[in-house]
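S.K.: Below are the sequence and a predicted model for it; my questions follow.
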Amino acid sequence: MVDFEQPLNLEHEYLLDRDCTTLSRHVLQQLHSFSADAQDLSALMSRIALAGKLIARRLTRAGLVEDALGFTGRTNVQGESVKKMDVFANQVFISVFEQSGLVCRLASEEMEKPYYIPENCPLGRYTLLYDPIDGSSNVDINLNVGSIFSIRRQQGEDQDGTAADLLRHGHDQIAAGYILYGPSTMLVYSIGKGVHAFTLDPSLGEFILSSENIQIPTHGPVYSVNEGNFWQWSEPIRDYIRYVHRHEGYTARYSGALVGDIHRILFQGGVFLYPGTVKKPEGKLRLLYESAPLAYLVEQAGGKASTGTQDIMDVIPDHLHTRTPLILGSREDVELVESFIADRRRQTEEQTVLTSKG
Ligand code: P6P
């Protein structure tokens with residue numbers, strides 16, 4: 001006869017409790033609340049997790065699935081060639097929120113205008129901003145890619161369907177994170193109460209808590225930048241790159257997929273840079289669904305995110321697909337890059353004064 005009064009041994013009890021710490025439960029624990037708003041946010045995060053599982057499933061079998069890989073032959077609003085996986089992943093996020101009553105609007109890197117789910121709008125006051133597949137150049141060569149998401153509450157009415165209320169600073173975000181499709185699929189998120197990582201257990205079909213309250217090191221050895229753009233950078237950025245080339249203790253890592261590079265820096269420390277270039281002076285990365293969610297996350301982990309002269313979280317976009325330069329990671333490393341920019345600016349100003357005095 002089994003005595004159910006006898007608890008499992010401690011290790012089994014710990015493992016069972018860990019496997020029960022799913023994302024939806026963790027959100028409620030974080031909020032210390034079972035209110036309607038808390039339940040909504042918990043349900044919303046669960047839908048994002050479902051999107052991650054659906055995309056992960058497609059990616060892990062992409063080589064076997066007819067028509068999963070390669071280009072569509074179309075270009076998106078960014079002027080970038082669209083991959084079939086971009087289209088699939090974009091639709092996954094839309095589909096998981098239909099009939100959810102949660103999300104009224106979705107704004108995506110792949111869609112020029114916000115997508116509305118009318119049946120949700122009377123109730124759903126949330127907007128999902130997302131990059132469905134970040135780093136899609138890696139998809140066809142089976143290297144890591146990611147999805148980036150940000151959640152905002154709708155501010156006021158959106159009568160003209162332009163979602164103008166989204167054109168606000170990053171402090172408006174109520175949740176943000178990413179899904180990393182790598183050797184394991186991980187979901188890293190914050191609702192403003194620290195940064196937490198979940199690992200997908202395929203045998204359960206659940207994201208299980210694997211790291212809680214992640215803190216980014218104040219300094220790290222990694223600098224992550226596409227040095228092929230060196231000729232296109234401003235002098236202060238070149239000065240920084242010359243500095244790390246000449247000082248011991250730095251190592252270059254760049255995967256071509258933002259999420260993977262940021263994930264490494266989140267755990268090991270360092271700095272990611274996508275500065276303005278001659279071809280893209282405003283930078284390549286999009287503010288509302290790439291830089292701002294990652295800035296929210298990294299700041300929650302004790303790091304810093306900047307354009308080089310302004311905190312990313314303070315930048316107000318002038319349109320849905322606004323781009324900015326991005327320097328993000330360990331606080332000391334971001335500040336070192338900013339110091340090169342400030343020094344050069346000071347030298348220029350001093351030179352201007354001397355020249356004006358003749
Ligand atoms: P480049 C992918 O297209 C992406 O948006 C980010 O994921 C990545 O960090 C960056 O662009 C790579 O750009 O110009 O170095 O190939």
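M.R.: It's in.

S.K.: pLDDT score for residue 192?
M.R.: Looking at residue 192, its pLDDT reads 97.

S.K.: can you check the one 5 residues further on too?
M.R.: Note on residue 197: pLDDT of 97.

S.K.: And the one 4 residues further on, by the same measure?
M.R.: As predicted, residue 201 sits at a pLDDT of 94.

S.K.: got it, and residue 225?
M.R.: On the pLDDT scale, residue 225 is placed at 98.

S.K.: That one: what's it in contact with?
M.R.: 241, 252, 254, 272, 273, 274, 275 (Cβ atoms under 8 Å, 6 or more residues apart in numbering). All C-beta spots, glycine's among them, are computed from the backbone N, C-alpha and C.

S.K.: Give me the phi and psi for the closest residue in space to the fourth one that isn't next to it in sequence.
M.R.: Nearest in space to residue 272, with sequence neighbours left out and distances taken as Cβ to Cβ, 6 or more residues apart in numbering, is residue 224 at 4.3 Å. With angles defined as degrees, to the nearest 10, residue 224 sits at phi -120, psi 110.

S.K.: Tell me who's in contact with residue 82.
M.R.: The contact partners of residue 82, taken as Cβ under 8 Å, 6+ apart, are 71, 72, 74, 75, 76, 110.

S.K.: Which of those residues sits closest to the ligand?
M.R.: Nearest to the ligand among the contacts of residue 82, counting by Cβ to the nearest ligand atom, is residue 76 at 11.2 Å.

S.K.: Let's verify residue 53: helix, strand, or coil?
M.R.: Three-state call for residue 53 (DSSP: H, G, I helix; E, B strand; the rest coil): helix.

S.K.: actually residue 290, sorry about that
M.R.: State at residue 290, reduced to three classes by three-state DSSP: helix.

S.K.: Tell me the helices and strands packed up against the top helix by length along the chain.
M.R.: Scanning the chain for the longest helix, with DSSP state H as the assignment, gives helix 331-357. When contacts are defined as 3 or more Cβ pairs under 8 Å, 6 or more residues apart in numbering; DSSP states H and E, helix 331-357 packs onto helix 235-246, strand 270-274, strand 304-306, strand 326-329.

S.K.: can those go into a markdown table with extra columns for distance to residue 193?
M.R.: Listed next are these as a markdown table, based on distance: least, Cβ to Cβ, whole Å:
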| stretch | distance to residue 193 |
| --- | --- |
| helix 235-246 | 33 |
| strand 270-274 | 24 |
| strand 304-306 | 18 |
| strand 326-329 | 20 |
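
S.K.: among those, which is nearest the ligand?
M.R.: Closest among the helices and strands packed on helix 331-357, once you apply Cβ to the nearest ligand atom, is strand 270-274, at 6.2 Å.
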